[in-house]
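[1] Compute the structure for the input listed below.
(2 chains)
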Amino acid sequence: MTGWKDSAGGRRVMAILSSRPFLTVAIVAAVWIAASFASRGFGAYGHLRYLVELGAVIGLVAAGQTFVVIAGGIDLSVAAIVTVSAISLPLLSWQADPTGLAPVLAVLALTTIIGLVNGLGVALLRVHPMIMTLAMATFLQGLLIIIAGGSAVTAENPLVHWLGNARPAGIPAGVLLWVAVSMIVLTVMHATPFGARIFAMGANPLAAALSGVPVTSTTLAVYGISGFTSGLAGVLVLGMNGQGYVGIGDPYLLASIAAVVLGGTSILGGLGTYAGTIPGAILLVTITALITVVNASPGWRSILFGSLILGLLLLSGREQARR
Amino acid sequence: MSTVSSARPAGALYWPVQARRNIGVRSLFLVVLAFLIAYGFLFPGLFSASGFAKFTQSWFPLALVAMAQAILMLTGGISLAIGPTVSLGAVIAATTMAGPLGVTGGAAAVALTGLGIGAATGFIVVRLRLPAIVVTLAGSFIIGGAALLILPRPGGAIPEWLSDLLAGDTPTAFVLLVAIVLLWKLYLATPLGLSLYAAGENPVGAYRSGVPVDAARVAAYAISGLLSTGAGLFVAAQTGSGDPVIGAAFTLNSIAAAVLGGIGFLGGQGTMRGALAGSLLLSLMISVMFFLGFTPVAQYVAQGLIIIGAVAIPQFRKVQ
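    Presented below is the predicted three-dimensional model:
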């Protein structure tokens, strides 16, 4: 995935072997091997497939987050957007549309618009991304409780059901969706002018603006993408769960940021790749699965989760020395 | 941007320096004053002794967490673990104070926990060079988990006399706040305090000029932890018991108050008086909405809108 070229020779191989995405893949492999020796069911194909399926949701949320972080921002509203998507989709059911595609598209449009509003606040009103997206999350949370109340809503949408449960050729549809999105994201990020502009903006916004990068529209696009992929993740999570409720998206805020950082993308922007976020997402799911195996109280589980992320950060998330 | 602590206030220089620091927050002070007057008209009870006491009590924890966040942001850091730290302070207070440790021992445990958590976070961020936002996000899980371990469901107890003292009809909270502000002034005069702004504004330059950048930043995290658990103790005294998730709202509110008060995200920009005014404004907004009969849900929505508006409008004017 990191642009393998045989002609470039051994140095290229070394660069890949010492890159952060590869390091993250190596950690995942090590954890999987160790865990399958420790616990017998862990290494079974069905279980690993289930882990990747769960990882797809985090991977989708983290796709948008990777764009935003590389562009020098951060999106703390992803969890709320996932919930918006998972709750508003069951409310939109049109009898006239047997495939269920129209409501999904409508919801994705809605979440993209939410992302664009984030982008408007950041680019035009110059509100700091953290404030803008946190305030957006607060706002959405209030709105969601007004709309849905405390009750769970059940989805009766064939497309969503298929996405969450179907296994064409033995591979879960959600994973296929993730693979497709990953291809597009990697292409856009590393092989288009738009991708180059994002890196430039994250590395030095002023220099990028002076060199002719359209900062306003690029910022808008980046947050729009984040809204879109979070919405997509919401659809997938709804399909896997069958029901949407307030709080369904909550685990994905820390998970998306952790996946991005564990994958070697600098939280300061301008440096990173989605190729690292992918194993980062799988690593997170693996950790969660391991913690569930250790039968512990919610308090201990939370402590373990935080500590493991902190420990993994020490391996792969360190910033450059200041001096 | 404040040219801070360029020298020890040598008499004549002191007041001009103080006045310059007010420039950025003057309009904020006016807004807070307007809100206070409006509040006073709407609810004349504010001017009685007990009304004033109740008002400062609702402001006090928010003021503490705003200070806790502001001191980090001044050094270029941030914490997303303020809320869980407040909860942890509350559950420790509620489980120790009625037990054999007593109020003094319980308060000491709360203070030591806050200092320890803060110092550990600071060490990880500063010495191990991990990004503060991710460390504190992971830390929020660890701290929140610890709070759940100590007290899995709301319970525990605070001695009644302490609740009466802190959250009764006397303005103890206000006196405490004044004392904390005075201590902050004293801290700014110590070498570590003087380094605070330098470490935030230009860490490399400050380091090369011999400023103890790392020590100043770790100390800031430790003080921030202390203020957060202190707020937790107060919240526990207010409610008379502990609750492992009572602090949840404080993470966002602390950042909002600091940013409303003109503290910049990049470090070295802003003043503590601004952060305090920001927290007062936020607290006034919350009480006014409460009294006007907004449902908690509508409060969420309104709060989100107001924060964006309040942060955006001054920026917008600057651009034009």
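
[2] going forward, measure contacts and count neighbours with C-alpha atoms only.
    OK.

[3] so residue A:128 touches residue A:122, yeah?
    Yes. In this structure, residue A:128 is within contact of residue A:122 by C-alpha atoms under 8 Å, at 6.1 Å.

[4] Between these two, tell me which one has more neighbours.
    The neighbour comparison of residue A:128 against residue A:122 (other C-alpha atoms under 10 Å in any protein chain shown) goes to residue A:122, with 23 against 20.

[5] Enumerate every residue touching the closest residue in space to that one that isn't next to it in sequence.
    Among residues not flanking residue A:122 along the chain, residue A:129 sits closest, at 5.7 Å (C-alpha to C-alpha, 6 or more residues apart in numbering or on different chains). By C-alpha atoms under 8 Å, 6 or more residues apart in numbering or on different chains, the contact list for residue A:129 reads A:73, A:74, A:75, A:118, A:122.

[6] Quick one: distance of the host helix or strand of residue B:63 to the chain centre.
    Using DSSP states H and E, residue B:63 maps to helix B:49-74. Computed by C-alpha atoms, centre = their mean, to the nearest Å, the chain-centroid distance of helix B:49-74 equals 7 Å.

[7] That one: which residues count as buried?
    The neighbour-count check on helix B:49-74 (16 or more other C-alpha atoms under 10 Å in any protein chain shown) flags B:51-74 as buried.

[8] same question, stretch A:158-165
    For stretch A:158-165, a neighbour-count test (16+ other C-alpha under 10 Å) marks A:159, A:160, A:161, A:162, A:163, A:164, A:165 as buried.

[9] from the residues you listed, which single one is nearest residue A:313?
    Proximity of the buried residues of stretch A:158-165 to residue A:313 (C-alpha to C-alpha) peaks at residue A:164, which lies at 31.2 Å.

[10] where are the low-confidence patches of the stretch 1-150 of chain B?
    B:1-12, B:21, B:23-24 (pLDDT under 70).

[11] hey, where'd the strands end up in it?
    Here the stretch 1-150 of chain B has no strands by DSSP state E, counting those that start in this stretch.

[12] again, but for the stretch 1-150 of chain A
    Going by DSSP E, counting those that start in this stretch, the stretch 1-150 of chain A shows no strands.

[13] quick one: low-confidence ranges for it?
    For the stretch 1-150 of chain A (pLDDT under 70), the answer is A:1-18, A:93-97, A:150.

[14] Which residues of it lie near chain B?
    A:121, A:125-128, A:131-132, A:134-136, A:138-143, A:145-146 (C-alpha under 8 Å from any C-alpha of the partner chain).

[15] so is the residue lying closest to residue B:66 once chain neighbours are set aside in a helix, a strand, or just coil?
    Nearest in space to residue B:66, with sequence neighbours left out and distances taken as C-alpha to C-alpha, 6+ apart, is residue B:254 at 4.5 Å. Look at residue B:254: counting by DSSP: H, G, I helix; E, B strand; the rest coil, its state is helix.

[16] Might you report the residue contacts of residue B:254?
    Here residue B:254 is in contact with B:62, B:65, B:66, B:67, B:68, B:69, B:82, B:279 (C-alpha under 8 Å, 6+ apart).

[17] Pull the most distant pair out of those residues.
    Of all the pairs that these form, the one spanning the most space (C-alpha to C-alpha) is B:82 and B:279, at 14.6 Å.

[18] Give me the neighbour count for residue B:246.
    19.

[19] quick one: pLDDT of it?
    Looking at residue B:246, its pLDDT stands at 84.

[20] For residue B:187, see how far away the residue nearest to it when sequence neighbours are not counted is.
    Distance criterion C-alpha to C-alpha, 6+ apart; nearest residue to residue B:246, sequence neighbours excluded, is residue B:87 at 5.5 Å. According to C-alpha to C-alpha, to the nearest Å, residue B:87 and residue B:187 sit 26 Å apart.

[21] for residue B:158, same thing?
    31 Å.

[22] In chain A, which residue is most central in space?
    With distances taken as C-alpha atoms, centre = their mean, residue A:62 lies nearest the centre of chain A, 1.7 Å away.

[23] That one reaches residue A:262, doesn't it?
    No. Applying C-alpha under 8 Å as the test, residue A:62 and residue A:262 come out as separate, 11.3 Å apart.

[24] what are the ranges of the helices in the stretch 1-150 of chain B?
    Secondary structure of the stretch 1-150 of chain B (DSSP state H, counting those that start in this stretch): helices at B:14-22, B:26-42, B:49-74, B:82-96, B:102-126, B:132-150.

[25] Counting neighbours, show which residues of the fifth one come out buried.
    Read that as helix B:102-126. Using 16+ other C-alpha under 10 Å as the test for burial, helix B:102-126 gives B:103, B:106-107, B:109-126.

[26] Of the helices of the stretch 1-150 of chain B, which is nearest residue B:309?
    helix B:26-42 (13.3 Å).

[27] Take the contacts of residue A:129 and keep only those in helices.
    Secondary structure assignment by DSSP state H places A:118, A:122 of these in helices.

[28] closest to chain B among the contacts of residue A:129?
    Nearest to chain B among these: residue A:122, at 9.2 Å, using C-alpha to the nearest C-alpha.

[29] what separates that closest one from residue A:116, distance-wise?
    10 Å.

[30] Ok, residue B:64 next?
    Distance, residue B:64 to residue A:116, using C-alpha to C-alpha: 34 Å.

[31] For residue B:158 and residue B:187, indicate the residue with more neighbours.
    Using other C-alpha under 10 Å, the more surrounded residue of residue B:158 and residue B:187 is residue B:158, with 27 against 14.

[32] now the more buried one, what's its secondary structure?
    Put simply, residue B:158 is coil when judged by three-state DSSP.

[33] Was I right to think it contacts residue B:94?
    Yes. Residue B:158 lies in contact with residue B:94 (C-alpha under 8 Å); the separation is 5.4 Å.

[34] Output the set of residues of the stretch 101-250 of chain B in proximity to chain A.
    So the stretch 101-250 of chain B meets chain A at B:128-131, B:134-135, B:137-149, B:152, B:204 (C-alpha under 8 Å from any C-alpha).

[35] What's the ChimeraX syntax to select whichever of these are buried?
    Burial among these is assessed by 16+ other C-alpha under 10 Å; the matching ChimeraX selection reads:
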select /B:129,130,131,134,135,137,138,139,140,141,142,143,144,145,146,147,148,149,152
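
[36] check contacts around residue A:212.
    Counting by C-alpha under 8 Å, 6+ apart, residue A:212 touches no other residue.

[37] next one: phi and psi at the closest residue in space to residue A:47 that isn't next to it in sequence?
    Using C-alpha to C-alpha, 6+ apart and skipping the chain neighbours, the partner closest in space to residue A:47 is residue A:41 (7.3 Å). Dihedral pair for residue A:41: phi -70, psi -10, per degrees, to the nearest 10.

[38] how far away is residue A:41 from chain B?
    28 Å (C-alpha to the nearest C-alpha, to the nearest Å).

[39] Would you mind confirming that that residue is in contact with residue A:33?
    No. Between residue A:41 and residue A:33 there is no contact, the gap being 12.0 Å when judged by C-alpha under 8 Å.

[40] can you pull the contacts of residue B:253?
    Shown in contact with residue B:253 (C-alpha under 8 Å, 6+ apart): B:62, B:66, B:282.

[41] Could you rerun that using 10 Å?
    A:135, B:62-63, B:65-66, B:69, B:82-83, B:259, B:279, B:282-283, B:303, B:307 (C-alpha atoms under 10 Å, 6 or more residues apart in numbering or on different chains).

[42] in the stretch 201-323 of chain A, which ranges drop under the pLDDT threshold?
    Checking the stretch 201-323 of chain A against pLDDT under 70 turns up A:316-323.
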